[in-house]
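Peer 1: requesting a structural model of the entry that follows:
(chains A and B)
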Protein chains: 2
Amino acid sequence: MPHWTTLVAEKKQRQLKSIPQEWLVTPPPLSTLDVTGFPESCGLLSAREIEITNTSVDVLLKRLASAEWTAVDITTAFSKRAIVAHQLVNCLTEIFIDRALARAAELDDYLKKTGKVVGPLHGLPISLKDQLCIEGLETTMGYVSWIGQYAEKNAVLVDVLIECGAVPFVRTNIPQALMWPESFNSVFGRTTNPHNVSLTPGGSSGGEGALIALKGSPLGVGSDIGGSVRIPSAFCGIYGLRPSYGRVPYCGARNSLEGQDSILSVFGPMTNSLSGLKVFMKAVVDSKPWLKDPLAVRKKWDEDEYELADHGSGKDLCFAIMWDDGVVVPHPPIRRSLEMTKAALQKAGHKGFSRLFPYRVVLIEWAVVDWKPIQHKLLGEIAWDIWNAGSAEDFLITTSVTGGITAYQLWQVQKLRQNIRKEYMDHWNATASETGTGRAVDAIICPAAPFAAPPHGKNRYTNYTTVWNVLDYPATVFPVTTVDPTLDARDEKDLPHRFYDQFDQDIYEMYDPEKFKNAPVCLQLVGRTLEEEAVIKMTEIVDAALAAAK
Amino acid sequence: MPHWTTLVAEKKQRQLKSIPQEWLVTPPPLSTLDVTGFPESCGLLSAREIEITNTSVDVLLKRLASAEWTAVDITTAFSKRAIVAHQLVNCLTEIFIDRALARAAELDDYLKKTGKVVGPLHGLPISLKDQLCIEGLETTMGYVSWIGQYAEKNAVLVDVLIECGAVPFVRTNIPQALMWPESFNSVFGRTTNPHNVSLTPGGSSGGEGALIALKGSPLGVGSDIGGSVRIPSAFCGIYGLRPSYGRVPYCGARNSLEGQDSILSVFGPMTNSLSGLKVFMKAVVDSKPWLKDPLAVRKKWDEDEYELADHGSGKDLCFAIMWDDGVVVPHPPIRRSLEMTKAALQKAGHKGFSRLFPYRVVLIEWAVVDWKPIQHKLLGEIAWDIWNAGSAEDFLITTSVTGGITAYQLWQVQKLRQNIRKEYMDHWNATASETGTGRAVDAIICPAAPFAAPPHGKNRYTNYTTVWNVLDYPATVFPVTTVDPTLDARDEKDLPHRFYDQFDQDIYEMYDPEKFKNAPVCLQLVGRTLEEEAVIKMTEIVDAALAAAK
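Peer 2: As a prediction, the model looks like this:
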């Protein structure tokens, strides 16, 4: 058996060969931290290709369906931009543009002959995290030992997307074994953040985050067991959704911690246009995944729920803001983004933009009304206890985690988790007495992380996302602003007395406005289990309020 | 601390005191095996009380809603009959008729004052398995060590049922720790089968089965982790439903194997009138249990699915019959019940009773078309490996099970299970090419056990039910016939060559028509995950066909 470095070198050669040589470019010097402008300035993309790659998902689909744009043209444009992106931030793993263009040509033919689209995603290029097996391609998931393992069939979700008319064209980078919130592995190396390459794009779906931020893909699929869709979405400044368990099929994908039945990884969409969230979820759910994946939930797409039937038809929404989680105080830019969002919602509500934003918005400041996020620290500990229960054996490497526990010990953690899920539900229900709407709080708005994208190796706290995995609440990420040193100065007067503990203070002291300059700042919107429809709609409402306030 | 026998004696005294002394009767001599006639012949119940207790659930609810019958009268009638039943077969644990009558009086008052019912179960007495905690009552679950533990609040399902207007009035017997298919424990002793007291009523919801068979309750709640609703339903000759995980709230009930997240126990209805299944499920699901129990699935009651929207609107159904599971050959009465059901469906289909049974029924004999139930033996082994993973420590007693395994080992079993769930789903989907309907088989009809109710201590094989728990398929039980020695002779000519192995032969050799005489024979109808609506409707169709064929 060859040395592992030889295997990696061969694999990288194969990757290089999968790139059309005429699409190789000379990236800017390493001193250029923000590379987001490069794809449009490098000269490889035509004006029309730039227009195509800057178009939102809903408009792309309309132009594809009307044959105004062809699938081949759109696939070509995004492929070129993806290859440029890869040369900037090392975001891709498998590259299969030839297949994609062949499929795109089939789709164009079908539309021409029949006048009909193949499905709701007809002709849309889609990027996939490096877990979603495709027949004939490797899925290494960053493991050197998996190089050379070619899939015999597609993951169920890949089949579903293809049936819907989507065009998979690239797969994207991750950390080895997935369970890490940055994106480095020994096969493909490290992905960087296009807004500032000295910062991490997050992980484990970091390749998706970086690619989509550079508009090298209109829509991608990440996975999220503790924040792996939302952290890279937040760090890269795009939209993302972590659905509840079972809404999107997982069967047939590669994964770590297989057989762990308790806190499950889920697939979810990542996109630079908000319309992509609904487009993806509706298409996938309408495909009846419960007939293809035994763990998929038999729950049809519910347009009434999207129209907020369970939330007073959206006429009287009450968002709750969680300013911090009681464990780690967010950095100044995150605080500012919460204040901006609150102000935007109030403005929208009070001024009543009757067409743009026809909702009266009531705000509760949870911290102000003596609301504290209960048990967040314990929820995070439960997650790691469950994942670590058998992970040392699963990873087959020396890790820093405690060795395995017995099944009985695992059950005790799972029981504790069930009890806290009930406690949290009761806590949420109890807000009904405070909202003035007759309902409990409709959604929680909170940080996705206590910081914007940190320097590589510094993403040390993921509990702002992980708690919602433990509770199985769906959560979106949406962009609000970017780090601005003039607005986001360190708050020295508060140091050190306001911190919860030394860890909290250490996280805060990592903050330096100049280092984080230009990093996107995003927030989360959190709803109730299996309420993806309403969560997407409420995110659209908040996004519209933010746009209107600008 | 007193000796355990003292604790039990005191507990039994408390139970005796909870029975109105004027309702004590002199049961028939022990030589009377079939005691089902006794409640009506014993003289305690008036003619009207006999009429009430012989009335089906849907009619009871109508007469309650119209105030033709009062909740107090109905509760009194069922309470009397339940107390008689208890004296015959030892089916009750907690008895709280005073509370029930007080609640019934409130409901009558409410209806009188407002003209409205409290909810869809207004005034209906309901019996509950001895897991469903009620504030102020003990829930021993058969453990001597839990005597004296009084609940501080109701289980979520108890609250839901009360909000719906139901009147809980008794709780019912079980085996200690629940994980056993008969109903004996050291606190309350053994429940017997009212059709033949030398036989077991099954378990673990055996108290419910025996009580409802004697019409001491119109509707009860059992739980089912491996067959514990369906086995006693089948052995006692009543209807039962094992719903999918999360359709009925479990939160706040006592249970064994707590924290086991993989093959979950579920609550389901047991009733002697088929209308009870839909009435119960619709009421519970309409109460939005997902806002009360974090594990409840946010899936509304779907009347379209009940009308078989996913099954060609019921115009063209295809049932598949599984004659045996490839592990244990069913006894002759079970075989006969399958043949009766097949004939009834064919008759209904061919003759086209246009109003009673307007469905064309296509039958596939799975065994005949080379269909074999795949992996049933392994599915059963998986169930026990998962439950036993931590059960030795959970039960805190010496058991025959292997000691605990590590969490990693547990994950390997769970992974195997996930793979087989997918394999079974694909197997089901593949029948689409054979049905002639364009769809896969609509439901499977199969034994609920390889035998009718066996003698006490002989219920040694539960895999006819357990496989569907492992796969999470909803399944009903419905009555077909009773054991008739003249029709169900032993089939000596087949012995021993047709058996799968010695265990299979041992099960067969237990069969003696005289010993099993009069035991009810029921079958299962199995559908797809979270398809309770359609499974109930298809059971109604099969039940109507059987009635029409008689």
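
Peer 1: okay, CA-based contacts and neighbour counts for the rest of this
Peer 2: Noted.

Peer 1: list the contacts of the residue most central in space within chain A.
Peer 2: When Cα atoms, centre = their mean is applied to chain A, the residue found nearest the centroid is residue A:229 (2.7 Å). Applying Cα atoms under 8 Å, 6 or more residues apart in numbering or on different chains to residue A:229 gives the contacts A:203, A:204, A:205, A:222, A:223, A:240, A:241, A:242, A:268, A:269, A:270.

Peer 1: return the member of these nearest to residue A:376.
Peer 2: Relative to residue A:376, the closest of these is residue A:242; by Cα to Cα it sits at 18.2 Å.

Peer 1: in the stretch 451-550 of chain A, which residue sits nearest chain B?
Peer 2: residue A:530 (6.0 Å; Cα to the nearest Cα).

Peer 1: can you get me a residue count around that residue?
Peer 2: Other residues near residue A:530 number 22, with proximity taken as other Cα atoms under 10 Å in any protein chain shown.

Peer 1: quick check: it touching residue A:247?
Peer 2: Yes: counting by Cα atoms under 8 Å, residue A:247 is a contact partner of residue A:530 at 7.4 Å.

Peer 1: ok and the lengthiest helix in chain A relative to helix B:407-429, angle-wise?
Peer 2: If you go by DSSP state H, chain A has its longest helix at helix A:407-429. Angle, helix A:407-429 to helix B:407-429, by axes from the mean of the first three to the mean of the last three Cα atoms, to 10 degrees: 70 degrees.

Peer 1: what about the residue nearest to residue A:508 when sequence neighbours are not counted, distance to residue A:338?
Peer 2: Take residue A:508 and drop its neighbours on the chain: the residue closest to it by Cα to Cα, 6 or more residues apart in numbering or on different chains is residue A:331, 6.3 Å away. For residue A:331, the distance to residue A:338 equals 11 Å [Cα to Cα, to the nearest Å].

Peer 1: my guess is the residue nearest to residue A:508 contacts residue A:509. True?
Peer 2: No: at 9.2 Å, residue A:331 does not count as touching residue A:509 under the criterion of Cα under 8 Å.

Peer 1: between the two, which has more neighbouring residues?
Peer 2: residue A:331 (24 against 14).

Peer 1: contacting residues around that one?
Peer 2: A:450, A:451, A:452, A:508, A:511.

Peer 1: for these, which one is nearest residue A:32?
Peer 2: Once Cα to Cα is applied, the member of these that ends up nearest residue A:32 is residue A:452, at 19.2 Å.

Peer 1: which parts of chain A sit against chain B?
Peer 2: A:257-262, A:291-294, A:297-299, A:389-391, A:393-394, A:404-416, A:418, A:421-422, A:425-426, A:429, A:529-531 (Cα under 8 Å from any Cα of the partner chain).

Peer 1: state the distance from the closest residue to residue A:125 other than its chain neighbours to residue A:15.
Peer 2: Distance criterion Cα to Cα, 6+ apart; nearest residue to residue A:125, sequence neighbours excluded, is residue A:167 at 4.4 Å. Distance of residue A:167 to residue A:15, computed by Cα to Cα: 19 Å.

Peer 1: and the two? Which one has more around it.
Peer 2: residue A:167 (28 against 16).

Peer 1: for residue A:390, see how far away the more buried one is.
Peer 2: From residue A:167 to residue A:390 the distance is 37 Å (Cα to Cα).

Peer 1: tally of neighbours for residue A:275?
Peer 2: Neighbour count of residue A:275, defined by other Cα under 10 Å: 17.

Peer 1: so how far is residue B:408 from it?
Peer 2: For residue A:275, the distance to residue B:408 (Cα to Cα) stands at 41 Å.

Peer 1: same question for residue A:3.
Peer 2: Relative to residue B:408, and taking Cα to Cα, residue A:3 is found at 30 Å.

Peer 1: who's more crowded, those two?
Peer 2: Set residue A:3 next to residue B:408 and count neighbours by other Cα under 10 Å: residue B:408 wins out with 25 against 7.

Peer 1: list the residues that contact the residue of the stretch 451-550 of chain A closest to chain B.
Peer 2: A:243, A:244, A:245, A:247, A:473, A:474, B:297, B:298.

Peer 1: just among these, which is most surrounded?
Peer 2: Most surrounded of the contacts of residue A:530: other Cα under 10 Å gives residue A:243, at 30 neighbours.

Peer 1: correct me if wrong: that residue contacts residue A:266.
Peer 2: Yes: look at residue A:243 against residue A:266 with Cα under 8 Å: they come within range, at 6.9 Å.

Peer 1: count of neighbours near residue A:136?
Peer 2: Using other Cα under 10 Å: residue A:136 sits among 12 other residues.

Peer 1: now swap in the one 4 residues further on and tell me
Peer 2: Here the neighbour count serves as a burial measure; for residue A:140 (other Cα under 10 Å) it reads 23.

Peer 1: ok, now how distant is it from residue A:254?
Peer 2: Counting by Cα to Cα, the separation of residue A:140 from residue A:254 is 9 Å.

Peer 1: what's the answer for residue A:539, then?
Peer 2: 30 Å.

Peer 1: for the residue nearest to residue A:125, grab phi and psi.
Peer 2: Dihedral angles of residue A:167 (phi, psi; degrees, to the nearest 10) stand at phi -120, psi 90.

Peer 1: same check on the one 4 residues further on?
Peer 2: Geometry field for residue A:171 lists phi and psi as phi -110, psi 160, criterion degrees, to the nearest 10.

Peer 1: that one and residue A:125 touch, don't they?
Peer 2: No: between residue A:171 and residue A:125 there is no contact under Cα under 8 Å: 11.6 Å.
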